[in-house]
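Enquirer: Sequence first, predicted model second:
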Amino acid sequence: MSKKEKWYVQCRLEKDIPETNAIKTMVSWIQESIAIPGALIRLKDDDGTWNENWKVINRGTTKISQKKASTLAHGSKNFKENTDI
């Protein structure tokens, strides 16, 4: 039996940072099943810890496979490690 394909959509996410009275914003590819505007989700950081309370603000319509999303994530990480950004 084959494993069901997971699809990802690009979303804008926000997180309240009460200590600094700020809102952190980012764009990320997340699983379509949890990409529901208004939903609070958690994201796994590079060190494996969970980062809680990200709110899905909106989502795109383009879907990509889990393999493509993983490739994009690794490419972005490699870019950040090899630049001063």
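Expert: Cool, the structure landed. Keep in mind it's a predicted model, so treat the numbers as computed, not measured.
Enquirer: what mean pLDDT does the lengthiest strand in the chain have?
Expert: With DSSP state E setting the assignment, residue counts place strand 50-65 as the longest strand in the chain. Along strand 50-65, the predicted confidence averages to a pLDDT of 95.
Enquirer: for it, packing partners?
Expert: Under the contact criterion of 3 or more C-beta pairs under 8 Å, 6 or more residues apart in numbering; DSSP states H and E, the helices and strands touching strand 50-65 comprise strand 7-17, strand 22-31, strand 40-44. For the C-beta atoms, the positions are set from N, CA and C on the backbone; glycine is no exception.
Enquirer: Give the partner strands of it in its sheet and their orientations.
Expert: If you go by DSSP bridges, strand 50-65 pairs up with strand 7-17 (antiparallel), strand 40-44 (antiparallel).
Enquirer: most packed of those?
Expert: Looking across those with neighbours counted as mean count of other C-beta atoms under 10 Å, the highest average goes to strand 7-17: a mean of 17.
Enquirer: which residues sit against that strand?
Expert: Under the criterion C-beta atoms under 8 Å, 6 or more residues apart in numbering, residues 22-32, 35, 41, 43, 51, 53-66, 68-69 lie in contact with strand 7-17.
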